[in-house]
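# Curious how this folds, go ahead:
(one chain, ligands or ions: 1)
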Amino acid sequence: MYGTEQVISGTIIAGPELEPIEGYICVNKGIITEVGEERTYSSNIIAPCFVNAHTHLGDSVFKDPPLGKISGFRNQRDLDSLVKPPDGLKHKILRETSYKTLIECMRSSLLDMIETGTCAFADFREGGVLGVAALNKALEGLKLYSMVLGRPAEPELPPQAVLDEVRRILLRCNGLGMSGTNDLDLELLEEIATCTRHSKKLFAVHAGEKDRSDIEKALSLEPDLLIHLTNATKRDLESVADAGIPIVVCPRSNFITGAGMAPIAEMLEAGIKVAAGTDNVMLNSVNMFSEMEFMSKIFSIEDRQVFKICTLNGSFIMGSDSTGSIKKGNKANVMILNGSSNNLTGIKNPISGITRRARPDDILSVLHS
Ligand SMILES: [Zn+2]
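Residues are numbered from 1 along each chain as shown. Prediction:
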């Protein structure tokens, strides 16, 4: 609500360290103007909204392929047959989908993000200039921070034509999100990365998803952001840490594609900033509660760290210091959870409660600014 101050009481998951305190927050014109401690009888839990740091929203046109029926899906060749450009099943279906349907399906996923407590996302958008325009159209009027990373629609064209398209894409979005260094000629990728840097936009790339064969090549491109690194070795992670490149992990996606378990604890230990994403909408919903629950139960990482990976670390990657945590002066992107819902009542530790068991239906309201 603009122009009037709102005061919300409850247990606040406050500050960058996510410290639960009993008290209130004041919100005015979309900014948190005060965080105060006081005894409260409210069962509300006030938590920062999620940042979904890696999605492929175009996949919203193609949900839940019959994995069991794609023979041997859980191996590398069949991951390629599903998602590798240009002939993976997903890309064939995207080519056959009308522009209108694509926009409508992506819009539904964006609305689902808002309903499930996400305030910002970073998307790898296929389909070149038109693909980026479709997502920009789907975003119209929605209060979501977006980082749209496009890619050339026809990378097999002569390099000059590809680079021309790259320049046109860069005029319309935040940067480039390339599928991987094994999928394209490395020289062309180097030119694309240089072109992206000249435009002062972001260059991101998948690496180390099914094996580590593309990690060194990806690092040679000096990317701003790496996705996956599921099969990275300790030495790879040291190189990533030395280069100061953040990583977005996608645990549910890696599980379903059989890519393995990302060494998240080792990434954190190496000092790498780690965020998380739900990856392909084809494989997973955009619901970050599911990602948190999965991560907290499958990996040996503290719940607080999981929560940070899904909020504050994502906002760092999005280049926003003023969201991702609840503190004075930050933008009010918060969700109010019902601490006395049948699901959450009786939880002893709000951080563990939210990380391991909270669900979208525990949300009473979401403030986006
Ligand atoms: Zn991806």
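# Show me which residues of the strand or helix carrying residue 166 are buried.
Here residue 166 sits within helix 159-170, counting by DSSP states H and E. The neighbour-count check on helix 159-170 (16 or more other C-beta atoms under 10 Å) flags 162-163, 165-166, 169-170 as buried. No exception for glycine: its C-beta is placed from N, CA and C like everyone else's.
# for those, which one is nearest residue 205?
residue 166 (13.7 Å; C-beta to C-beta).
# so after the helix holding residue 166, what's the next helix or strand?
Taking DSSP H and E as the definition, the helix or strand right after helix 159-170 is strand 175-178.
# chain center to that following strand, what's the gap?
14 Å (C-alpha atoms, centre = their mean, to the nearest Å).
# any idea how far the residue nearest to residue 132 when sequence neighbours are not counted is from residue 278?
Excluding its sequence neighbours, the residue lying closest to residue 132 (C-beta to C-beta, 6 or more residues apart in numbering) is residue 150, at 4.2 Å. Residue 150 sits 19 Å away from residue 278 when distances are taken as C-beta to C-beta, to the nearest Å.
# try residue 9
Per C-beta to C-beta, residue 9 is found 31 Å from residue 278.
# When these two are compared, which one has more neighbours?
Using other C-beta atoms under 10 Å, the more surrounded residue of residue 9 and residue 278 is residue 278, with 27 against 19.
# Distance of the nearest residue to that one once chain neighbours are set aside relative to residue 138?
Once flanking residues are discounted, residue 278 sits nearest to residue 284: 4.7 Å by C-beta to C-beta, 6+ apart. Using C-beta to C-beta, one gets 19 Å for the distance from residue 284 to residue 138.
# is it true that residue 129 touches residue 170?
No - because the distance of 9.9 Å does not satisfy C-beta atoms under 8 Å, residue 129 is recorded as not touching residue 170.
# Point out where the chain drops to low pLDDT.
Residues of the chain that meet the criterion pLDDT under 70 lie in 1-3, 68-78.
# and the closest residue to residue 359 other than its chain neighbours, what does it touch?
Using C-beta to C-beta, 6+ apart and skipping the chain neighbours, the partner closest in space to residue 359 is residue 289 (5.6 Å). Contacts for residue 289 were tallied using C-beta atoms under 8 Å, 6 or more residues apart in numbering; they are 116-117, 358-360.
# same check, this time on residue 353
Taking C-beta under 8 Å, 6+ apart, one finds 45, 344, 347 in contact with residue 353.
# got the residue ranges for the helices in the protein?
Using DSSP state H, the helices of the chain run over residues 76-83, 89-96, 99-115, 128-138, 159-170, 186-198, 215-220, 234-243, 251-257, 264-269, 288-298, 303-309, 312-317, 350-357.
# export the ones you listed to TSV and tack on distance to residue 18?
Below are the helices of the chain laid out as TSV (distance: least, C-beta to C-beta, whole Å):
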stretch	distance to residue 18
helix 76-83	34
helix 89-96	36
helix 99-115	21
helix 128-138	31
helix 159-170	36
helix 186-198	34
helix 215-220	31
helix 234-243	23
helix 251-257	20
helix 264-269	15
helix 288-298	12
helix 303-309	6
helix 312-317	8
helix 350-357	6
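# looking at these, which is buried most?
helix 312-317 (a mean of 25; mean count of other C-beta atoms under 10 Å).
# on contacts alone, who are the packing partners of that helix?
Secondary-structure packing of helix 312-317 (3 or more C-beta pairs under 8 Å, 6 or more residues apart in numbering; DSSP states H and E): strand 50-56, strand 118-124, strand 274-276.
# let's go with 6 Å and repeat that
Counting contacts by 3 or more C-beta pairs under 6 Å, 6 or more residues apart in numbering; DSSP states H and E, helix 312-317 packs against strand 50-56, strand 274-276.
# Give me the sheet partners of the longest one and which way each runs.
The pairing partners recorded for strand 50-56 under DSSP bridges are strand 118-124 (parallel), strand 279-280 (parallel).
# Can you convert those strands into CSV and add a column each for distance to residue 133 and mean neighbour count?
Below are those laid out as CSV (distance: least, C-beta to C-beta, whole Å; neighbours: other C-beta atoms under 10 Å):
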stretch, distance to residue 133, mean neighbour count
strand 118-124, 13, 27
strand 279-280, 21, 28
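# returning to that earlier point: please convert the helices and strands packed on helix 312-317 to CSV, extending it with mean neighbour count and distance to residue 176.
Shown next, in CSV, are those (neighbours: other C-beta atoms under 10 Å; distance: least, C-beta to C-beta, whole Å):
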stretch, mean neighbour count, distance to residue 176
strand 50-56, 29, 14
strand 274-276, 27, 18
